[in-house]
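A.B. asks: have a look; sequence and predicted model below, questions after that.
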Amino acid sequence: MSTQQPISVFIIARNEADRIGRAIESVAGFADEVIVIDSGSTDDTCGIAESLGARVLYNAWAGYGAQKRFGEDQCRNDWIFNLDADEAASPALAAEISDLFASGRFGQADFWRVRIKDVFAHEAGTAPWAYGYNQIRLYDRRRGRFSDSTVHDTVRPPKDARLGQLKAPMEHRSIRSIAFHVEKMNRYSTMQAEDMAARGRRIGRWRLVAEFPLAFLKAYLLRRYALYGWWGFVISTNFAYTRFLRVAKAYEAELGDRSR
């Protein structure tokens with residue numbers, strides 16, 4: 001059985017009543033503090049979180065990076081584990097983190113990467129071929145913190161940082177439904193286009209033609225979505241359209257700037 005360690009977990013959330021419980025329960029066995037940073041839920045997110053022992057704090061939405069930096073500031077421990085409301089530590093990951101601290105091996109690195117793997121709504125757990133990506137999620141905040149970006153929520157380690165790799169995966173249930181995914185990709189592509197404009201980044205016109213097919217192939221083949229059958233075709237198409245929307249909205253903003 002896992003034993004709670006001096007680790008603070010924080011989760012940013014808004015209207016996550018259907019997913020927040022799984023996220024909190026997945027870390028309750030190894031973390032001695034769980035904080036939920038809510039940005040204005042109108043469902044029972046806060047009530048569910050509090051019933052599971054989490055401390056709930058309100059902070060108006062200021063962008064992904066800023067919201068996570070606010071979460072870091074609220075933690076009582078310097079060692080922090082971050083997960084999103086649509087994620088959950090697998091039982092194997094929870095056991096690995098607990099053992100890492102119980103054995104004292106956590107000090108071998110300042111930042112520990114976690115493999116975050118897709119789990120779709122119709123799945124009980126990660127498929128053997130599930131796409132995943134590495135991110136720093138367990139870290140010493142005295143050595144590095146999340147970047148202050150409205151779009152990108154990434155921990156930035158210093159050049160001399162010691163990096164470790166956890167073996168067990170994090171489960172990522174990002175897509176509730178196709179309707180939810182469409183709303184999310186429209187909202188997120190707008191933020192991406194605004195971020196590019198703020199940084200003065202310009203998109204080549206050729207990408208209006210190439211972005212969709214190249215992104216589809218990336219998802220279908222490189223991310224191995226083809227192995228999901230027809231569902232893989234659906235999610236690859238949605239991924240490609242998200243990428244196209246980002247480029248199209250950036251181009252739209254350029255046209256608007258010219259007309260002023």
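C.D. replies: Yes, it's here. Fair warning: this is a prediction, and the values are worked out from it, not measured in the lab.

A.B. asks: helices and strands of this structure: which one bottoms out on pLDDT?
C.D. replies: Counting by mean pLDDT, DSSP states H and E, the chain has its least confident helix or strand at helix 178-198, which shows a mean of 87.

A.B. asks: for that one, packing partners?
C.D. replies: Applying 3 or more C-beta pairs under 8 Å, 6 or more residues apart in numbering; DSSP states H and E, one finds that helix 178-198 makes contact with helix 230-259. Using the backbone N, CA and C atoms, a C-beta is placed for each residue, glycine as well.

A.B. asks: buried residues in the helix it packs on, which are they?
C.D. replies: For helix 230-259, the buried set under the neighbour-count rule, 16 or more other C-beta atoms under 10 Å, comprises 232, 235-251, 253.

A.B. asks: ditto for stretch 114-131
C.D. replies: So for stretch 114-131, counting by 16+ other C-beta under 10 Å, buried means Val114, Arg115, Ile116, Lys117, Asp118, Val119, Phe120, Thr126, Ala130, Tyr131.

A.B. asks: how about the contacts made by the fourth one?
C.D. replies: Taking C-beta atoms under 8 Å, 6 or more residues apart in numbering as the contact definition, Lys117 lies against Thr126, Ala130, Tyr131, Gly132, Pro169, Met170, Glu171, His172.

A.B. asks: repeat that for the third one.
C.D. replies: By C-beta under 8 Å, 6+ apart, the contact set of Ile116 is Glu87, Gly132, Tyr133, Asn134, Gln135, Arg137, Pro169, Met170, His172.

A.B. asks: likewise for the second one?
C.D. replies: Applying C-beta under 8 Å, 6+ apart, we find Arg115 in contact with Gly132, Tyr133, Asn134, Leu166, Lys167, Ala168, Pro169, Met170.

A.B. asks: strands along the protein, start to end?
C.D. replies: 5-13, 31-38, 55-58, 79-82, 87-89, 111-118, 132-140, 145-146, 155-156, 163-172 (DSSP state E).

A.B. asks: as TSV, those strands with distance to Pro213 and mean pLDDT would be great.
C.D. replies: Output for these, formatted as TSV (distance: least, C-beta to C-beta, whole Å; pLDDT from 0 to 100):
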stretch	distance to Pro213	mean pLDDT
strand 5-13	34	97
strand 31-38	39	97
strand 55-58	43	98
strand 79-82	35	97
strand 87-89	30	97
strand 111-118	22	97
strand 132-140	22	96
strand 145-146	34	94
strand 155-156	33	92
strand 163-172	26	97
